[in-house]
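Chemist: Return atomic coordinates for the entry below.
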Amino acid sequence: MRKLQFVLVAAFASALTALAAVVTMADAGPTVVPENTEPPAVVGTAQDGELLTAKDGEWTGEDPTAFSYQWQSCDAAGANCASISGATAKIYRVATADVGKRIRVQVIAKNSTGSNTATTQPTAAVARPAGATQVADGRYSIPATSVKEPYRLVISGVQFAPTVLRSRQEFTGRFRVTDTRGYVVRDAIVLVTGVPLGWINQPQELKTNVDGLVTLQLQPTTRLRLVRGGSMVMFIRARKEGDNVLAGISSRRLVRVRTARPQS
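Modeler: Sure thing, here's the model as predicted:
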């Protein structure tokens, strides 16, 4: 008899436990996947080198909700969109390859129940940097003020006339400045210094023209040794006006001009 009573009590306790679990689940309510109630958006200027930020929009659903992102590139009409490899952060830096295209981002909201995706409207067509103008060779020229980190200036072209120094007469140095994206840069300030110091008279800094070019007349001093197979090294620096000469987007390059014995 006592054994039967024990079994009945155990069964009753088990039933109460199950009922309590059902009540607790009912009180908690059904779990809900995220649902988008206000579309996400892209914040920022659609221009080469600028930053775009994904605005998450508004979502319902069980918290906590985590967000992830996938930036996409679309054609000029905002169609035929494809994911941009590696562009999965909340912030996207517009690239030169995006020029003429439109950018959008997919926002993925996820909680313990599941996930949903909402996609922004595409931006306007991506423009070239501020002040960009096309020059005669088909490339685009931009002012030095349009170059911002992480991009930098590059001394990409060097030419001397004559190419071999056989006298201490004045010679010409011609230098081209571009940036790390390939734009030619106007109004970059170029400095040329002979190494060792004193082998040429120090010319003034000059700014590049619309083609990214600057031409300097360089005057050797009597210290320049005119020997067969010799050379003189020159230090070239390009910088943006107002930047620290040792920082910012400035660039440096060492170049060499050959020397030879004077012609008899």
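Chemist: Distance from the chain centre to stretch 139-147, please.
Modeler: Here stretch 139-147 is found 15 Å from its chain centre; the criterion is CA atoms, centre = their mean, to the nearest Å.
Chemist: Tell me the buried residues in that stretch?
Modeler: 140-144, 146-147 (16 or more other CB atoms under 10 Å). Backbone N, C-alpha and C define where each C-beta goes, glycine included.
Chemist: Dump these to a markdown table, plus secondary structure and distance to V177.
Modeler: As requested, the buried residues of stretch 139-147 are arranged in a markdown table below (DSSP: H, G, I helix; E, B strand; the rest coil; distance: CB to CB, whole Å):
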| residue | secondary structure | distance to V177 |
| --- | --- | --- |
| Y140 | strand | 14 |
| S141 | strand | 10 |
| I142 | strand | 11 |
| P143 | strand | 12 |
| A144 | helix | 8 |
| S146 | helix | 13 |
| V147 | coil | 10 |
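Chemist: And the furthest pair within the residues you listed?
Modeler: Greatest spatial distance among the buried residues of stretch 139-147 (CB to CB): Y140 and A144, at 13.9 Å.
Chemist: T145 - that's part of a helix, no?
Modeler: Yes - assessed by DSSP: H, G, I helix; E, B strand; the rest coil, T145 belongs to a helix.
Chemist: and the gap between it and A87?
Modeler: 27 Å (CB to CB, to the nearest Å).
Chemist: again with I249
Modeler: Plainly put, I249 is 24 Å away from A87 if you go by CB to CB.
Chemist: what about those two, which has more around it?
Modeler: Using other CB atoms under 10 Å as the criterion, I249 and A87 rank with I249 on top: 21 against 18.
Chemist: can you confirm the more buried one is in a helix?
Modeler: No - applying three-state DSSP, one finds I249 to be coil, outside a helix.
Chemist: Next up, the contacts around the nearest residue to it once chain neighbours are set aside.
Modeler: Nearest residue to I249, sequence neighbours excluded (CB to CB, 6 or more residues apart in numbering): R152, at 4.7 Å. By CB atoms under 8 Å, 6 or more residues apart in numbering, the contact list for R152 reads 179-180, 249-251.
Chemist: do R176 as well
Modeler: For R176, the contacting residues are 155-158, 184, 208, 211-213, by CB under 8 Å, 6+ apart.
Chemist: Just the buried subset of the residues you listed, written out for PyMOL, thanks.
Modeler: Buried members of the contacts of R176, defined by 16+ other CB under 10 Å, are picked up in PyMOL with:
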select buried, resi 155+156+184+208+211+212+213
